[in-house]
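1. below is the structure, and that's it, no one-letter string:
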């Protein structure tokens, strides 16, 4: 796994996203990259904004490409407030923006763009794992 720890994470969303998207594990296909980048942006922003009081804390971000299955794994790990983004129910996208509750749309989009998203809390850390098949 190619990974890097960012500490502190305050004002480093762009740097973290750029690090992940520059990984040699990322696919060259523009449509796939768009879906992955949108999901990465949402997940990273959630950690940077909400995991730590004032953004003073760390985030470990990494990628891994399984060369046999061609599945890309993106892992985000932090020691912030325990939070499982998958616990929040999906928004009713049939409603207008004014009718919907605020929040939750970003995680919903991640679920739509990635093949799988898993969360676990282990050893005092939030661990978010997103996977995407990079070939048809």
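-> Structure's in. What do you need? Computed from a predicted structure; not experimentally measured.
2. what's across from the nearest residue to residue 84 once chain neighbours are set aside in the sheet?
-> Of all residues not flanking residue 84 in the chain, residue 119 sits nearest, at 4.6 Å (CB to CB, 6 or more residues apart in numbering). Placement of C-beta: from N, CA and C, glycine included. Assessed by DSSP bridges, residue 119 has beta-bridge partners residue 128.
3. what is the burial count for residue 119?
-> Other residues lying near residue 119 total 16 when counted by other CB atoms under 10 Å.
4. name every strand pairing with the helix or strand containing residue 63 and say which way it goes.
-> For residue 63, the host element (DSSP states H and E) is strand 59-66. Sheet pairing here is set by DSSP bridges, and for strand 59-66 it gives strand 2-6 (antiparallel), strand 71-78 (antiparallel).
5. got the buried residues for it?
-> Under the neighbour-count criterion of 16 or more other CB atoms under 10 Å, strand 59-66 has 59, 60, 61, 62, 63, 64, 65 buried.
6. could you check how far the nearest residue to the last one once chain neighbours are set aside is from residue 31?
-> In space, and not counting its chain neighbours, residue 65 is closest to residue 25: 3.9 Å by CB to CB, 6+ apart. Residue 25 sits 17 Å away from residue 31, going by CB to CB, to the nearest Å.
7. what about these two, which has more around it?
-> When residue 25 and residue 31 are compared for neighbours, residue 25 comes out ahead with 18 against 8, by other CB under 10 Å.
8. and the helix or strand of the chain with the lowest mean pLDDT, how far out from the chain's middle?
-> Lowest by mean pLDDT, DSSP states H and E among the helices and strands of the chain is helix 105-113, with a mean of 84. Its chain's C-alpha centre and that of helix 105-113 lie 10 Å apart, by CA atoms, centre = their mean, to the nearest Å.
9. where does this structure have low pLDDT?
-> Applying pLDDT under 70 to the chain flags the ranges 89-105, 136.
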